[in-house]
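# let's see this in three dimensions:
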Amino acid sequence: MQPGINLDWEKLRLFDTVAEAGSFTEAARRLLMSQPALSRQIAALEVSLGAKLFHRHARGLAMTHEGEQLRAATADMHERIDKAAQAIDASRDRPTGVIRLTTTVSFGSTWLARQLGDFLDLYPDISVHLMLTDADLDLAKREADVAIRFHRPFQNELMQRPLAGIRHHLVASPDYLARHGEPKTIADLDHHRLISYGDAAPEFLKGINWILELGHEGSPRAAALTINNSHGVLQAVEAGAGIAALPSYLIRFSGKVQVVLPQVEGPVFRTFFTYPSELRRSLRIDVLREFLVERMTNAALDM
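Numbering: from 1, shown residues only. Take a look at the predicted model:
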């Protein structure tokens, strides 16, 4: 095929039908067009390619070498288009396809990961690629399809659906409390080893370090240990390293820590199901959204 040739997809479709039918008469019948009109289209295709595609003989048509090469390409194209059309048609009635879902490492690797098996049971024709990072992937650039964010989307063109709020509580391990005693008042925190997320927290999560400011009008308390990941903070608390503020889903996931100063209610962080506007009519996105709304509401993550 010569470089710079602009192929007409409609002519390629007609060629594929003629090649499959083996004659212009049968192909014209299948295409509901006249035989002369079909012949003219194929002749024009041959001119654009600079090659003959068929040998005409008494019993019909035989493809030339160039025709066989083109037929191999159009047959593959036809098959792919048919499969795509079938998939699109099927997705109108039942959710199918891949969902690339992103969220934070701590939330995704604990509470969310435990829910997705039930989702896949409900929708076996969907596969989920869970992409965990504490950085925001760019949904507008299709780095992911959907995000569960702990803030409203910064880009106006993104769709959003509020999910559940997630409350934080002060926790410690029984081993730490046995060695250092349990704080009875907020002021007692001044004498305990505190663990925080650290200054690396993004602006929308600055409140995550509220344990350092709780009851302090002046400068905040100093943390004995900072870890820039909530799941890492949990590991340190379980190991008896100190007291930290952790989200309710991590407290439930652990089962190895206990709430201290239960009368103190920490901040509630809002969560949002976020996705590009071009996916607003996607059935697979719809069912995932509704599944998460129900699960997160019933889980009472702001306990």
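
# next, count neighbours for the closest residue to Leu194 other than its chain neighbours.
Leaving out its chain neighbours, the residue that sits closest to Leu194 by C-beta to C-beta, 6 or more residues apart in numbering is Ala223, at 5.0 Å. For glycine as for every other residue, the C-beta is placed from the backbone atoms N, C-alpha and C. Using other C-beta atoms under 10 Å, the number of residues around Ala223 comes to 19.

# SS state for Ala223?
coil (DSSP: H, G, I helix; E, B strand; the rest coil).

# mind listing what the spatially closest residue to Lys11 that is not a sequence neighbour touches?
Distances taken as C-beta to C-beta, 6+ apart put Leu45 closest to Lys11, at 4.3 Å, once the chain neighbours are dropped. Leu45 is in contact with Asp8, Lys11, Leu12, Leu14, Phe15, Leu53, counting by C-beta atoms under 8 Å, 6 or more residues apart in numbering.

# repeat that for Glu66.
Under the contact definition (C-beta under 8 Å, 6+ apart), the residues listed for Glu66 are Leu49, Ala51, Lys52, Leu53.

# now do the same contact list for the residue nearest to Leu194.
Counting by C-beta under 8 Å, 6+ apart, Ala223 makes contact with Leu194, Ile195, Ser196, Gly198, Asn209, Leu212.

# same question for Ala75.
Contacts for Ala75 were tallied using C-beta under 8 Å, 6+ apart; they are Asp16.

# which SS class is it?
Of the three states, Ala75 takes helix according to three-state DSSP.

# swap in Asp286?
Each residue gets one of three states, and Asp286 gets helix by three-state DSSP.

# name the residues of the strand or helix carrying Arg56 that are buried.
Take DSSP states H and E as the rule and Arg56 turns out to sit in strand 54-57. Applying a neighbour-count criterion of 16 or more other C-beta atoms under 10 Å, the buried positions in strand 54-57 are Phe54.

# which residues are contacting the very next helix or strand once past that strand?
Proceeding N to C from strand 54-57, the next assigned helix or strand is strand 60-63, under DSSP H and E. Around strand 60-63, the neighbours that count as contacts under C-beta under 8 Å, 6+ apart are Val18, Ala19, Gly22, Ser23, Phe24, Leu53, Phe54, His55, Arg71.

# thinking again about what came up before, which member of the contacts of Ala223 is positioned nearest Lys141?
Ranked by distance to Lys141 (C-beta to C-beta), the contacts of Ala223 are led by Gly198 at 28.9 Å.

# wouldn't that closest one be in contact with Leu212 here?
No. The criterion here is C-beta atoms under 8 Å, and Gly198 misses it with Leu212 at 10.0 Å.

# what comes up buried for stretch 222-232?
Buried residues in stretch 222-232, counted by 16+ other C-beta under 10 Å: Ala223, Leu225, Thr226, Ile227, Asn229, Ser230, His231, Gly232.

# restricted to strands, list the residues you listed.
With strands taken from DSSP state E, the overlap with the buried residues of stretch 222-232 comprises Leu225, Thr226.

# lowest-confidence entry in the buried residues of stretch 222-232?
Taking the buried residues of stretch 222-232 together, the minimum pLDDT is found at Asn229 (86).

# ok, now how distant is that residue from Pro220?
Here the distance between Asn229 and Pro220 works out to 20 Å (C-beta to C-beta, to the nearest Å).

# check which helix or strand the residue lying closest to Trp111 once chain neighbours are set aside maps to.
Take Trp111 and drop its neighbours on the chain: the residue closest to it by C-beta to C-beta, 6+ apart is Tyr249, 4.0 Å away. Remark: Tyr249 resides in helix 248-254, with elements defined by DSSP H and E.

# kindly report the same for Ser127.
strand 126-132.

# with Leu170 instead?
Using DSSP H and E, the element containing Leu170 is strand 158-172.

# for that strand, what is the average pLDDT?
Over the span of strand 158-172, the pLDDT mean works out to 93.

# sounds good, over and out.
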